[in-house]
Structure formats: C-alpha cells, structure tokens
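A.B. asks: coordinates only, no sequence provided:
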C-alpha cells in the first residue's frame, strides 16, 4: 500500500508542477498531454533498458545507464525551457 500511495502521489506532483508552467488557459491541456507523453515514452524507455541490459549483461548496469540517459535528457530540457514568470497573459487575438 505504501508503494501505491507513493506512486500516485508522485504522478499528481509531476502533473501539477508541470501544469503550473503554462498559462491559465492551457493548464488542462498541459495536464492531459503530460500524462499521455509519460505513458507514450514508457515503452521507449523499456526498449532502451532491454537493449542496454543485453549489451551490458547486467540488470543493474543497464538500469544505471538508462537512468543516466533519461536524467541527461530531462536536465537538458529543463535548462532550455524559458521562464514564464511575469509574462503578460493579456494576449490580443488576430
């Protein structure tokens, strides 16, 4: 039960944190899109792990390398994300 609660809490945390990065009108769309992207990339991550596990011959080494690759991608994406704090949300439609 503890693992289930932790997993549910983490998913709510990343959805909420990610949705807060978007403007008022985009939060619902962002929340839906983020969860779908996580679900969509899970098979890709599993394929990467399986490939690395077969190359290294070890579960632990394959998991470490997979985790490092995913973390490098995440840190790179966070670094290049533009800050939106203080951005004017009064857009003019053309």
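C.D. replies: Looks like it arrived, so ask away. As the structure is a prediction and not an experimental result, all values here were calculated from the model. Numbers count the residues shown, from 1 in each chain.

A.B. asks: what bits of the chain have low per-residue confidence?
C.D. replies: For the chain, the stretches flagged by pLDDT under 70 are 23-24, 84-85, 89, 91, 94.

A.B. asks: what are the boundaries of the helices in it?
C.D. replies: Using DSSP state H, the helices of the chain run over 2-19, 27-56, 59-79.

A.B. asks: how many degrees apart are the shortest one and helix 27-56 in direction?
C.D. replies: To tie it back to what came earlier, the one meant is helix 2-19. Angle, helix 2-19 to helix 27-56, by axes from the mean of the first three to the mean of the last three C-alpha atoms, to 10 degrees: 120 degrees.

A.B. asks: middle-most residue in the protein, spatially?
C.D. replies: Nearest to the mean C-alpha position of the chain, by C-alpha atoms, centre = their mean, lies residue 38 at 6.0 Å.

A.B. asks: quick one: that one from residue 54, how far?
C.D. replies: Separation of residue 38 from residue 54 (C-beta to C-beta, to the nearest Å) stands at 25 Å. Any C-beta I mention is one placed from the backbone N, CA and C, and that applies to glycine too.
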